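J.: Sequence and predicted structure below; questions after.
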Amino acid sequence: MLTHPQDFAALQERGTIRSHPLLAARVMRTELGITRFGLATGRALGSAVVRNRVRRRLREAIRSMQPMLQPGWDVLVIARPAIVGADLGAIGTALRRLLARGGVLAEHGGEMGLGQG
RNA sequence: CGAGACGGCCGGAUGGCCGCGCGCAGCCGGGGGCAACCCCGCCUGCGUGAGGAAAGUCCGAGCUCCCCAGCGCAGGGUAGUGGGUAACACCCAUCCGCCGCGAGGCGAGGACCAGCGCCACAGUGACGAUGCCGGUGACUCGUUCGCCGGAGUGAAACGCGGCAAGCUCUACCCGGAGCAAGGCCAAAUAGGAGGGCGACUCCCGGUUCGCCGGGAAGACGUGCGCUGCACAGCCCUCGGGUCGGCCGCAUGAGCCGUCGGGCAACCGACGGCCUCAGAUGGAUGGCCAUCGUCGUGCCGCUUCGGCGGUGCGGCACAGAACUCGGCUUACAGGCCGUCUCGCUGA
RNA sequence: GCGCCCGUAGCUCAGCGGACCAGAGCAUGUGGCUUCGGACCACAGGGUCGGGGGUUCGAAUCCCUCCGGGCGCG
């Protein structure tokens, strides 16, 4: 998990934006050997209960696709209001599509990830 | 049986697999130390992990820092009376007023002969008004004055009324900020304070061993100026402080029981308990099974009140962030107790 | 964690205890004018004054409490 505000600021400035009706993501290549995630659940989503539920489902989705991740990425996952009613399956599908397009997932994105390093 | 009032309580249960925060224990790895040992990481096991409102942040406190000579003014708040409490705008009792057939409910309920202000419409007349009607008396006989009575209007009247959740007065209370408080450890860069150097070398003589006197060579980073000071520069030390980390940070006006005091709120004594989490981009989640419960479809039975089986869908309001005491608001469904009214039966 | 402001017609806003007080402009509708349209003129519809409770004879206005929206500070 991303913790420092500087990491979030760096993603805001230099991250590549991928979007989906349920989610948006900012993706950035790093020199670290691990892939880290940050979650953004704004107040527009709803009450604290709703925001916590969304965040837990996102964490569960990330956990389930842990083995397929490429190392060396920072990802900021931004929840959009339409995600509130979505179950874990729909969130997982959306997240997988975004990460594949960003090159973070091993299945699709291996070839374009190394070019810019 | 129906309708209702008040008080209290619960707010899904059990199990399986995967996962998360914290605590303890163990193993492994790394680092520090002479050592005892300490620190960090990983894994395993055990334990533990949201609420009655954790919410809104409307009051009151604890705690911490700042200011702290004392008092007053200003500003804010509270308001029958008595009690409870650490304190309160909370709670209890009671008086009064209003609402309800009742059980009960609601009430910021001090003072307008200290002052100022405001009283629409209606009404002859509305704030200290000559102006209405009737009766009666007086005389300088009038649109006069005095006395008695009066329906209607209106929240209020022929009366020096009403309103202070109008200004105000009275009594009492209130210093400011808030755990991002505050404390400790402590990079890089910049800046601050103090100290040292701020010329060096050589020769001779003296010495109380700190230096002093004379000479030579050479020439000051800058200014004055002449051999000292200031500044620049370099070095050392110190403290403040940012990133980051640690503490604060969970045993507390605590919970449960018995007895006693009190109408009660509550208080006291004794005994027992740690069951009440502790994150810091913020842990309690994902999938599933059975049961419970609510709604509904179908089938069967029925004494037409329902019962059994099966399928589907749902199970609220809501998420700790320094900690307590209250208030307010949200909430599927359910349980217990006391009481009131109505109908019926004995 | 603190502090402040706003909510009135579809929209932008007046109204600061009294029913000639619920209004103005824009917008909407109808009619007129015009060959038609625009502009203009006339008329009309439209509001639980964000919700609830209280004070008062009387509340959009005063007080309390919720709801929604916005802003600022650390």
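T.: Structure received.
J.: Show me what from chain A comes close to RNA strand B.
T.: When proximity is defined by C-beta under 7 Å from any atom of the strand, chain A lies next to RNA strand B at A:1-5, A:8, A:38-40, A:47-49, A:52-53, A:55-57, A:59-60, A:63, A:87-88. No exception for glycine: its C-beta is placed from N, CA and C like everyone else's.
J.: Any of those residues buried? List them.
T.: By neighbour count, with 16 or more other C-beta atoms under 10 Å, the residues of chain A next to RNA strand B hold A:2, A:8, A:38-40, A:53, A:55, A:57 as buried.
J.: got those as JSON lines, with distance to A:A25, pLDDT and secondary structure columns?
T.: As requested, these are arranged in JSON lines below (distance: C-beta to C-beta, whole Å; pLDDT from 0 to 100; DSSP: H, G, I helix; E, B strand; the rest coil):
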{"residue": "A:L2", "distance to A:A25": "13", "pLDDT": "72", "secondary structure": "coil"}
{"residue": "A:F8", "distance to A:A25": "13", "pLDDT": "78", "secondary structure": "helix"}
{"residue": "A:G38", "distance to A:A25": "10", "pLDDT": "86", "secondary structure": "strand"}
{"residue": "A:L39", "distance to A:A25": "11", "pLDDT": "87", "secondary structure": "strand"}
{"residue": "A:A40", "distance to A:A25": "10", "pLDDT": "86", "secondary structure": "strand"}
{"residue": "A:R53", "distance to A:A25": "19", "pLDDT": "88", "secondary structure": "helix"}
{"residue": "A:R55", "distance to A:A25": "15", "pLDDT": "88", "secondary structure": "helix"}
{"residue": "A:R57", "distance to A:A25": "15", "pLDDT": "89", "secondary structure": "helix"}
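J.: Helices of chain A, residue ranges please.
T.: Here chain A has its helices, by DSSP state H, at A:5-14, A:48-64, A:88-102, A:110-113.
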